[in-house]
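Novice: coords below, sequence missing:
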């Protein structure tokens, strides 16, 4: 063993001596090594400072946001209601009270400007099959299953214009605000004919044939709004899965001639350019924290026998409940994570309810952040009790626990967290 150690030391000594002699003999090589070392040193300096700069940029991108209370308002609606408008339009909001089926035109401070209930089958009324309601050019416009009814801010009927729809739907319930006027003669709406897709065995064929949004333009020849163009879904979408989902409802918003479409179960934004292509020009999957891949079931359709399973899947699945476009190419979401249970848990009914969060996506600088929602009695606000007022301000509606004849509104400003 000692001989081995001696030989090893001798071999290393000989190798090192040979290396020294080689360096002394080749003096040019010595200068080359020095030059290379100096060159590497020079290169490493900008890399070092660049990496520090990138680290600062990452910290900047990953900054968070929070809601700060800036004002409180009183909303004099005695019955439970929802805000139809996801954002303020021309300085006004629309609310709908469920019990008396009345629409209320509100200003930005929640004060009622006019209450309207003109439901019926007459030529100056909107029917109970009411799809969409919006505000445009000094009018409240109601889109039912046959026509658009225009009512001014004084509650007076102005005109009704029929529209051409090759399909038919009897969807009821509270209407959405997803009707967007490009000008007084054209508008965009999502298709209402995908709502019952889960109950149809031929849903793949329907997805291939029924567009997910329509662009209507007024025709002086027929005196109706006619379909001018439409948007379709590419077959790579999760909706074309062999599995069945309980919700296929499309939602849209319009920004500078671009129609953005999304679905409640899928955090992917499909963008279309009106008049250019029937298929998406781009799609963006938003990486929302803890948003689950939706559970689909291996059934041809939803039936009486299996509907409880679909209800359980709906409890588990994450959902987009509110999406609104902000200034500077940003999107704000409210989403529910879904219950933390398995499909066939025996004690699933005792599980904690779904948690709701806000989420912001900035398409300019890549900033994305989950946001804690304002809470009322320990519960976050969500659903149809929120509307965007502009300039990073949101109106949240809360129940009044003391007096039941009006509701409380709180205005919060969305602010970046200072580092």
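Specialist: On my side now, so go ahead. Computed from a predicted structure; not experimentally measured.
Novice: strand partners of the host helix or strand of residue 214, parallel vs antiparallel please.
Specialist: Counting by DSSP states H and E, the element that carries residue 214 is strand 213-219. Paired neighbours of strand 213-219 in the sheet (DSSP bridges): strand 186-190 (antiparallel), strand 224-231 (antiparallel).
Novice: and the end-to-end length of stretch 92-110?
Specialist: From its first residue to its last, stretch 92-110 covers 9 Å (Cα to Cα, to the nearest Å).
Novice: Show me what it is in contact with.
Specialist: If you take Cβ atoms under 8 Å, 6 or more residues apart in numbering as the criterion, stretch 92-110 is touched by 73-75, 77-85, 88, 91, 112-117, 119, 133-135, 140, 153, 174-175, 177, 387, 389, 395, 409. Any C-beta I mention is one placed from the backbone N, CA and C, and that applies to glycine too.
Novice: before we move on, the earlier item: identify, out of the strands paired with strand 213-219, the most deeply packed stretch.
Specialist: Ranked by mean neighbour count, these are led by strand 186-190 with a mean of 23 (mean count of other Cβ atoms under 10 Å).
Novice: Next secondary structure after that one?
Specialist: Following strand 186-190 in sequence, per DSSP H and E, is helix 203-209.
Novice: Give me the subset of the contacts of stretch 92-110 that lies in helices.
Specialist: Using DSSP state H, no member of those sits in helices.
Novice: what are the bridge partners for residue 252, then?
Specialist: Beta-bridge partners, per DSSP bridges, of residue 252: residue 261.
Novice: which residues in the stretch 251-400 of the chain form strands?
Specialist: Listed in chain order, the strands of the stretch 251-400 of the chain (DSSP state E, counting those that start in this stretch) span 258-263, 266-273, 282-285, 319-326, 330-336, 356-362, 368-371, 375-376, 379-380, 386-390, 393-398.
Novice: got the ones you listed as TSV, with mean pLDDT columns?
Specialist: TSV is the format used below for the strands of the stretch 251-400 of the chain (pLDDT from 0 to 100):
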stretch	mean pLDDT
strand 258-263	92
strand 266-273	92
strand 282-285	90
strand 319-326	91
strand 330-336	92
strand 356-362	91
strand 368-371	90
strand 375-376	75
strand 379-380	62
strand 386-390	94
strand 393-398	92
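Novice: Secondary structure element holding the residue nearest to residue 78 when sequence neighbours are not counted?
Specialist: Spatial nearest neighbour of residue 78, excluding adjacent residues (Cβ to Cβ, 6 or more residues apart in numbering): residue 405 at 4.7 Å. Using DSSP H and E, residue 405 sits in no helix or strand.
Novice: Phi, psi for residue 405 please.
Specialist: Phi and psi for residue 405, reported as degrees, to the nearest 10, are phi -90, psi 0.
Novice: how about low-confidence regions in the stretch 1-150 of the chain?
Specialist: Flagging of the stretch 1-150 of the chain using pLDDT under 70 yields the residue ranges 1-63.
Novice: Which parts of it are strands?
Specialist: When secondary structure is read from DSSP E, counting those that start in this stretch, the stretch 1-150 of the chain shows strands at 65-75, 81-83, 92-97, 102-107, 112-116, 130-136, 139-144, 147-152.
Novice: who wins for proximity to residue 193 among these?
Specialist: Between residue 193 and those, the tightest spacing by Cβ to Cβ is seen for strand 130-136, at 10.6 Å.
Novice: quick check, distance from the closest one to the centre of its chain.
Specialist: 20 Å (Cα atoms, centre = their mean, to the nearest Å).
Novice: can you give me the angle it makes with strand 112-116?
Specialist: 140 degrees (axes from the mean of the first three to the mean of the last three Cα atoms, to 10 degrees).
Novice: For strand 130-136, name the packing helices and strands.
Specialist: For strand 130-136, the helices and strands in contact under the criterion 3 or more Cβ pairs under 8 Å, 6 or more residues apart in numbering; DSSP states H and E are strand 92-97, strand 139-144, strand 180-183.
Novice: CSV for the ones you listed, including distance to residue 210 and mean neighbour count?
Specialist: What follows is the helices and strands packed on strand 130-136, written out as CSV (distance: least, Cβ to Cβ, whole Å; neighbours: other Cβ atoms under 10 Å):
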stretch, distance to residue 210, mean neighbour count
strand 92-97, 27, 21
strand 139-144, 18, 22
strand 180-183, 20, 16
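Novice: how about CSV for the ones you listed, with distance to residue 245 added?
Specialist: Listed next are the helices and strands packed on strand 130-136 as CSV, based on distance: least, Cβ to Cβ, whole Å:
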stretch, distance to residue 245
strand 92-97, 27
strand 139-144, 26
strand 180-183, 26
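Novice: Indicate which one of those is closest to residue 224.
Specialist: Using Cβ to Cβ, the nearest of these to residue 224 is strand 139-144, at 13.0 Å.
Novice: what's the spacing between that closest one and its chain's center?
Specialist: Chain-centre distance of strand 139-144: 24 Å, with Cα atoms, centre = their mean.
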